[in-house]
Each structure stands twice: as structure tokens, then as C-alpha cells.
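fold the following, please.
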Amino acid sequence: MSNFTVPLLQRCEALGHVDSLQPPFSLIRREAGEREIPWCVEHDTGVIVYSPMQSGLLTESFTAARVAALAADDWRRRSLQFQQPALGKNLALRDALTPIARRHGTTVSAVAVAWTLAWPGVTGAIVGARTASQVDGWIGAATLELSAADLDEIAGAISRTAAGTGPARPTAGVTEDR
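Presented below is the predicted three-dimensional model:
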């Protein structure tokens, strides 16, 4: 299933086991971490998230100037996440990942993808790229293990920047208070 809410997942599960859910999920768009991902864990349903770099926002190369230079028909020009004040908050959150990336000898993009993979129940991430060098920028996320301190630092950055919506930190158990 793709983009299904818990009520829809429950209806589908009544007909037969839901093997996989594909929700949007990133450091900015965290809503699935509140309901859908925990539901999937409880029902042994795999989760393959998409847009973990929030359509480029969580990459080192994205800037407000780049948004201004996007083609007139680029959907991101109309997206609230790419407009102020959200854009400034989102870029501040992205910048807060830099020290973590440096400590791990990797990129901000890899940290952003690894954060989604750190959530219990997330079994994979669909990550887009237009060039081979972009793939090089995030491929290390598959083996990057963020520590509890890293996750705390990221949660603090989410709180400080007020970027996005949804829970700020994966937890060990799905029944814990988020």
C-alpha cells in the first residue's frame, strides 16, 4: 500500500495481510512515525519510506537561491516546505545535521536517510538521484548507524528549528509515549 492511513490499513488487513506500506517520511515530514509506522510494526508489515531527503531539501546543495532558480513549472515552487517561513526552518534543520555528518565521515544526505532507517519497522528507503555523484552522497546511509546521542541531537535540532511535523525521535518500542 502507498500513502495509506491506519484506518485504511486496518480495512485492508481485514481482507488479507498487508505486506508493505510506502509512506512519505523524512526529518521534515515525520507524521508516519506517529501512527502508520507503529501500526506496521505491530502487524509485521514492512515499511519502505519515500522522499527521505524531502525532495532535495535535506541535501548539502539545497539553498533558498536554488529554490528561486527552480523552473516555473517545478512543483516545489508551490510546496509550502519550499517557501518561507518553512524553508528557513527546514534549511536550519538540514544545517544542524552537519556536525553529525562530520563525526561519521559522511554527508548530511546520508544522515537524513539513516535517520529514517533508524525507526523500528522501517525496512527500506526509496532515495532518488539524478546523477551518480548524488548517489555517492547518500549510499552510505545503508550502513550508517546513528547513536542514541546522534538521535538526541537531531531531536533537539527539530525542536530548536521547529521544522516539519511529527515525532522527533525513533523509540525502541512502538508502545512508548512519543
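
distance from stretch 59-72 to the middle of the chain?
Centroid separation between stretch 59-72 and its chain, computed with CA atoms, centre = their mean, to the nearest Å, is 19 Å.

what comes into contact with it?
Applying CB atoms under 8 Å, 6 or more residues apart in numbering, the contact partners of stretch 59-72 are 53, 56, 76-77, 82-84, 87-88, 91, 94, 107-109, 112, 134, 137. Where C-beta positions appear, they are placed from N, C-alpha and C, glycine not excepted.

show me what stretch 32-49 is in contact with.
4-6, 9-10, 13, 17-26, 116, 119-126, 166-167, 170, 174-175, 178.

mark which of these are part of strands, please.
S20, L21, V122, T123, G124, A125, I126 (DSSP state E).

among those residues, name the buried ones.
Those of the ones in strands among the contacts of stretch 32-49 that meet the buried threshold are L21, V122, A125, by 16 or more other CB atoms under 10 Å.

and the helix or strand hosting E153, what does it pack onto?
Element membership for E153 (DSSP states H and E) is helix 148-161. Judged by 3 or more CB pairs under 8 Å, 6 or more residues apart in numbering; DSSP states H and E, the packing partners of helix 148-161 are helix 86-96, helix 98-104, helix 108-117.

and the helix or strand of the chain at the bottom of the mean pLDDT ranking, which residues are buried?
Using mean pLDDT, DSSP states H and E, the weakest-scoring helix or strand in the chain turns out to be helix 132-138, at a mean of 74. For helix 132-138, burial by neighbour count (16+ other CB under 10 Å) applies to Q134, G137, W138.
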